[in-house]
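Engineer: this is the structure alone, sequence omitted:
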Ligand SMILES: [Zn+2]
Ligand SMILES: [Zn+2]
């Protein structure tokens, strides 16, 4: 009897209404955000067309000064949100506390923002083997897995590797970040896709992404997109 009850409970859990992750209100859709909280997310509305750096409203140019001076090694960054509350909290919960529901929500937001694009291959930003052992999961890979399933896009989870363990970029001043990741990545085989998307949760100065994209460019990628949930 108890077994049947627990089975019934499990069955019912699927039918129970979902609740908004941020305010607790019941929601009728799979996103786990109520319409109000969804609307109030820190959407990135005006940003550089190339690197998604936030720009003031009604910018005079479509590109930021940095991209105008020196075009980055990627074609485009897709970032639906600012790295600001409550998005920063969700990313933190996912990345450092293993909050899988937060990860699912972030992946859904990224999937919705990238529907117009159809790369041949998704490449998550890799963690070094030692860091992966410490943390248990690579949050970029988990995001990529969910997007790969939802969007039916091929995922390369072992092609791109981090061959050098580097201090986390967020702990370094901007001026040291490029040198920190130089030569830190490698490809373990030929890149067969021409149009690729590199995935991560957040992009700050973009030095890690640029290092990876330079590598992909040298390996023959013709169109490189960067997909991140949030832009700092
Ligand atoms: Zn809500
Ligand atoms: Zn830019």
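Structural biologist: Sure thing, it's come through. Given the structure is predicted, the values throughout are model-derived calculations rather than measurements. Ligands and ions are numbered 1, 2, ... in the order given.
Engineer: what residues does this structure have near ligand 1?
Structural biologist: Within the chain, the positions adjacent to ligand 1 are 20, 22-23, 25, 34, 37 by Cβ under 5 Å from the ion. All C-beta spots, glycine's among them, are computed from the backbone N, C-alpha and C.
Engineer: now, these that are in helices?
Structural biologist: Under the assignment DSSP state H, the residues of the chain next to ligand 1 contribute residue 37 to helices.
Engineer: what's the most distant pair in the residues of the chain next to ligand 1?
Structural biologist: For the residues of the chain next to ligand 1, the farthest-apart pair by Cβ to Cβ is 22 and 25; their separation is 8.8 Å.
Engineer: number of nearby residues for residue 164?
Structural biologist: By other Cβ atoms under 10 Å, 12 other residues sit near residue 164.
Engineer: can you tell me the element residue 186 falls in?
Structural biologist: Taking DSSP states H and E as the definition, residue 186 sits inside strand 185-187.
Engineer: list the buried ones in that strand?
Structural biologist: Going by neighbour count (16 or more other Cβ atoms under 10 Å), the buried part of strand 185-187 is 185, 187.
Engineer: so how far is stretch 218-232 off the chain centroid?
Structural biologist: Averaging C-alpha positions (Cα atoms, centre = their mean, to the nearest Å) puts stretch 218-232 11 Å from its chain's average.
Engineer: buried set for that stretch?
Structural biologist: Neighbour-count burial for stretch 218-232 [16+ other Cβ under 10 Å]: 219, 221, 224-232.
Engineer: ok, and of those, which contact ligand 2?
Structural biologist: By Cβ under 5 Å from the ion, no member of the buried residues of stretch 218-232 lies near ligand 2.
Engineer: in CSV: the residues you listed, plus pLDDT.
Structural biologist: Formatted as CSV, the buried residues of stretch 218-232 follow (pLDDT from 0 to 100):
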residue, pLDDT
219, 97
221, 98
224, 98
225, 98
226, 98
227, 98
228, 98
229, 98
230, 98
231, 96
232, 92
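Engineer: who's in contact with the residue nearest to residue 58 when sequence neighbours are not counted?
Structural biologist: Nearest residue to residue 58 in three dimensions, chain neighbours excluded: residue 46, at 7.1 Å (Cβ to Cβ, 6 or more residues apart in numbering). Residue 46 makes contacts with 54-59, as judged by Cβ atoms under 8 Å, 6 or more residues apart in numbering.
Engineer: same thing with residue 51?
Structural biologist: 64, 66-67, 72, 74, 77, 206.
Engineer: try it again at 10 Å.
Structural biologist: The contact partners of residue 51, taken as Cβ atoms under 10 Å, 6 or more residues apart in numbering, are 63-64, 66-67, 71-72, 74, 76-77, 79, 203, 206, 209-210, 226, 231.
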